[in-house]
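Student: Attaching a predicted model along with its sequence, questions to come.
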Amino acid sequence: MIWSWIPQNWSLIWNLTWENAKLGVLPALYGLVISLPLGIVCARWRWFYPPVLTVVNVLYVIPSLALFIALIPAFGLTDTTVIIALTVFSLCIILPNVVAGLRAVPAPVRQAATAMGYGGLRRLVTVELPLAIPVIMAGLRVGVVSSISLASLGQLIGVSSLGYLFIDGLQRSFPTEIYVGLVLVIVLALVCDLILVGVRRTLTPWEPRRERQARPVPARRLAA
Amino acid sequence: MSFFSWAWDWVTESANWHGSGSIPQQLVAHLGYSALPLLIATLIAVPAGVVIGHTGRGAALVVNLANAWRAIPTLGLLILLAVFLGFSFVTWLLPLTVLAIPPILVNVYEGVAGVDPGVKDAAKGVGMTPWQQVTHVEVPIALPLILVGLRTAAIFVVGTATIAAYIGLGGLGRFIFDGLASDQYGPVAGGALLLVVLAVLVLALFAVISRLAVPAGLRGQSKLGRTE
């Protein structure tokens, strides 16, 4: 470990970290934006969910690198290619959580809202979605952490990310650079994860402080 | 030309199916790079998950691992080992095994810990020894989730074994990285397509296994498990 390498290359490290953050966070947010309406539809019209889930399960198994490659003819060796591929991946993680979160709203709560005169849309926005936030956030956390880590693979097709430090470190047989890359990817992912935990606590102050497990179990269940 | 026409032209080119470094050879190599880490991870993570799920000790560790492991960039780990150890056995085996352990461990733990307490009490009540309770009751009930863990691990390992080629090893990644290095999109697209096919086959294989292995009484019941 040669510590002096870090301050000497500070601007490179900073740029790569920023790029990697962008390539990781944007897909998770896009995945959320697509998952919300789609999940609402799937939770409301139940027959619609099984076919969607089948597509999601197949998309989920496509290795990110293969998806990068498949998108190259359309979008070139650009950020867009990586962002689209990771959006698909995040979507596969977040969507099942949106559906599970909405379905887990207790029927008496829904009935109470209806009895108080809430229409379908108002009930959804002010009662069901807020109650589903913890489960949705659990999915978003997995999406962000995965995307940030996978974004480093973008460097394999020449898209700038912290993966540069791995590849350059290999070519120069320079472990310091690889250590820095490894630590930064992990720290970046954990920082984003902590931010999301904070957001969740702010949005749902009535929930116990203990975090729900950040896991998207429903989509992985074989029977699903 | 689109991805599929590039990939199709390359995959159906008969020259790519013969000789050294051909598609069948690299497919076999790829399966080898995937199978061994999976086997080792299974041997470590299944017993560990069963013990933690049964006793409840170490549960906090597993819960924290559930998300954190996804942050580890496998490419970085692989390259770090390559710099220190060269192209040794450990260089590809260790990162892929590390990748495969958490999904198996977490799902086995969840499956075993989530068995209905009433069922556990009944098993104890009819006089089963702890070993019988685990092997005859808890593991069969947890089987759907255990298979989910194995499936997730298998899919991740098959996908990630590709990058072993980046440090000069074989497998389907060979086509991808050689193609990228020589600016030929054909083998890159073809290698990626074969990789996707392989991943989908793994998915199908696990669908068949779960059909055969999960007791009839449990099938279609996994929704009774915890939903978060």
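Tutor: Looks like it came in fine.

Student: Which residues are in contact with A:P27?
Tutor: Shown in contact with A:P27 (Cβ atoms under 8 Å, 6 or more residues apart in numbering or on different chains): A:V82, A:I83, A:I84, A:A85, A:L86, A:T87, A:F89, A:S90, A:G143, A:S147, A:A151. Every residue, glycine included, has its C-beta placed from N, CA and C.

Student: Please report how far it lies from chain B.
Tutor: According to Cβ to the nearest Cβ, to the nearest Å, A:P27 and chain B sit 14 Å apart.

Student: How about A:N97: what's its closest non-neighbour residue?
Tutor: Distances taken as Cβ to Cβ, 6 or more residues apart in numbering or on different chains place A:G139 nearest to A:N97, at 3.0 Å, with adjacent residues excluded.

Student: and the next element down the chain from the host helix or strand of the one you found?
Tutor: In the assignment (DSSP states H and E), A:G139 maps to helix A:129-151. Scanning forward in sequence from helix A:129-151 by DSSP H and E, the next helix or strand is helix A:163-171.

Student: and that following helix with chain B, contact?
Tutor: Yes: judged by Cβ under 8 Å from any Cβ of the partner chain, helix A:163-171 and chain B are in contact via A:G163, A:L165, A:F166, A:I167, A:G169, A:L170.

Student: Surely B:Y33 touches B:A161?
Tutor: Yes: using Cβ atoms under 8 Å, B:Y33 is in contact with B:A161, at 4.2 Å.

Student: what touches both of the two?
Tutor: B:W92, B:L96, B:G171.

Student: closest to chain A among those residues?
Tutor: Taking Cβ to the nearest Cβ as the measure, chain A sits nearest to B:G171 out of the shared contacts of B:Y33 and B:A161, at 12.0 Å.

Student: residues near the residue nearest to that closest one when sequence neighbours are not counted, how many?
Tutor: Leaving out its chain neighbours, the residue that sits closest to B:G171 by Cβ to Cβ, 6+ apart is B:H30, at 3.8 Å. Residues near B:H30, counting by other Cβ atoms under 10 Å in any protein chain shown, number 25.

Student: State the pLDDT value of B:H30.
Tutor: On the pLDDT scale, B:H30 is placed at 94.

Student: Past the host helix or strand of it, which element shows up next along the chain?
Tutor: According to DSSP H and E, B:H30 maps onto helix B:23-55. Counting by DSSP H and E, the next helix or strand C-terminal to helix B:23-55 is helix B:59-68.

Student: how distant is the longest helix belonging to chain A from the center of its chain?
Tutor: Using DSSP state H, we find that the single longest helix of chain A is helix A:10-44. Chain-centre distance of helix A:10-44: 6 Å, with Cα atoms, centre = their mean, to the nearest Å.

Student: And that helix, what's buried?
Tutor: A:13, A:16-17, A:19-32, A:34-36, A:38-40, A:42-43 (16 or more other Cβ atoms under 10 Å in any protein chain shown).

Student: Sticking with residue 110, tell me its helix or strand.
Tutor: Going with chain A. Going by DSSP H and E, A:R110 is part of helix A:107-115.

Student: oops, chain B please
Tutor: Applying DSSP H and E, one finds B:E110 within helix B:89-113.

Student: How many neighbouring residues does residue 195 have?
Tutor: Answering for chain A, as no chain was given. 13.

Student: could you do chain B instead?
Tutor: If you count neighbours by other Cβ under 10 Å, B:L195 ends up with 27.

Student: gap between the two ends of stretch B:54-64?
Tutor: Stretch B:54-64 has an end-to-end distance of 18 Å (Cα to Cα, to the nearest Å).

Student: got the contact list for that stretch?
Tutor: Contacts made with stretch B:54-64 from outside it, assessed by Cβ under 8 Å, 6+ apart, are listed as A:213, B:49, B:51-52, B:105-106, B:109, B:112-113, B:130, B:133-134, B:138.

Student: rerun that using 6 Å as the cut-off
Tutor: With contacts defined as Cβ atoms under 6 Å, 6 or more residues apart in numbering or on different chains, stretch B:54-64 is touched by A:Q213, B:I52, B:V106, B:Y109, B:V112, B:V134.

Student: Need the CA coordinates for stretch B:87-95. CSV is fine.
Tutor: Extracted in CSV, the C-alpha atoms of stretch B:87-95 (Å, rounded to 0.1, in the frame of the first residue of the first chain):
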residue,chain,number,x,y,z
PHE,B,87,-3.5,-17.3,-12.5
SER,B,88,-3.7,-19.8,-9.7
PHE,B,89,-6.6,-21.9,-8.7
VAL,B,90,-7.5,-19.6,-5.7
THR,B,91,-7.6,-16.5,-7.9
TRP,B,92,-11.0,-17.5,-9.5
LEU,B,93,-12.2,-19.9,-6.9
LEU,B,94,-12.2,-17.6,-3.9
PRO,B,95,-14.1,-14.6,-5.3
